[in-house]
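# Could you look at this predicted model? Sequence included:
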Amino acid sequence: MSALRRLVVLEKVYGPHRPEDFTPAFLNLLSGLAVEVRVVGTAGRGWLVVELSGEDEEVAVRLIDREMGLAPIEPGGLGRFSVVRGRILSLAGDGLLVDIGVFRPVNVDARVGLEALRAQLADGLDISLEELARLFCLAENFPLEVRLLEAPSGGGPVEAELSEGQVRFFEDWASSGLDRLVVIGASHHAVKRAVGGLGLHDKIVELGRLGLLEHYITLKLGVRPREVLGPLRRRLRKATILLFRPGELMRAFPGRYGRLRF
């Protein structure tokens, strides 16, 4: 019998959800490979721990790393200019704190300062963190890819900025011209069931994944967000549901998003 291999995956479990609930997601991802997989718990502040064994173990590790990412665990796994996918912990007055999967021997977070957010998302305009968070759905547990501006050292936050890929992600959403709902804290099955149960399929273009508990719903052109937002909030009461509106970005930052063709 081959030894079990443990991975800490950059997917978080929180709220009423249990780690073992997500074993089927990994079985689906690794279907067709000669490997056994199960979620056995969490590490750090909710990162999933997965056990693997089997002939195709190395292929499975690479696939999980590509699709979800593996936690660095220790600060030595990261350096200046490293790009890592984390989860927003909080709005910290003058910036965002992001859990980047470093928790041994102590938690080390990334801090994306307000000035960096303004420069990367708002053309450098003097806009509050709260307003930026509202416009870009920057809420607790939203997946965010950051680029470190210094190497992690002690237990304090590491200065960072949004990665180029993360900035392009928001630009792509803005350039589509389509409103989106961001759902945080619900499984894909729960969101899909809610959309079907409420008869909302004729109002949406796409139901997409940001993470195992984070999703987006793209609305059809001309659909009023409140037609979908209110019913979903009533159905998914334990989830956070936010609204991303390209039109608001164009009005708030015409120099940046006004030139993106809808």
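Looks like it arrived, so ask away.
# Show me which residues of stretch 95-109 are buried.
Buried residues in stretch 95-109, defined by neighbour count with 16 or more other C-beta atoms under 10 Å: 95-104, 108-109. For glycine as for every other residue, the C-beta is placed from the backbone atoms N, C-alpha and C.
# centre of the chain versus that stretch, how much separation?
From the chain centre to the centre of stretch 95-109 is a distance of 15 Å (C-alpha atoms, centre = their mean, to the nearest Å).
# got it, and stretch 134-148?
7 Å.
# hang on, the earlier thing: can you tell me which of the buried residues of stretch 95-109 are in strands?
In strands, defined here by DSSP state E, the members of the buried residues of stretch 95-109 are 95-102, 108-109.
# Now render those as TSV, adding distance to Ile73 and pLDDT.
Below are those laid out as TSV (distance: C-beta to C-beta, whole Å; pLDDT from 0 to 100):
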residue	distance to Ile73	pLDDT
Gly95	24	96
Leu96	22	98
Leu97	19	98
Val98	16	98
Asp99	12	98
Ile100	10	98
Gly101	7	97
Val102	7	96
Val108	10	95
Asp109	14	97
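# Now tabulate the residues you listed in TSV and tack on distance to Val228.
TSV is the format used below for these (distance: C-beta to C-beta, whole Å):
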residue	distance to Val228
Gly95	31
Leu96	27
Leu97	31
Val98	29
Asp99	30
Ile100	33
Gly101	33
Val102	37
Val108	39
Asp109	34
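# ok, those vs Arg233, which is closest?
Leu96 (24.0 Å; C-beta to C-beta).
# In contact with the closest one, which residues?
88-90, 111-112, 117, 129, 138, 144 (C-beta atoms under 8 Å, 6 or more residues apart in numbering).
# Give me the distance from stretch 74-91 to the chain's centre.
The answer for stretch 74-91 is 13 Å, by C-alpha atoms, centre = their mean.
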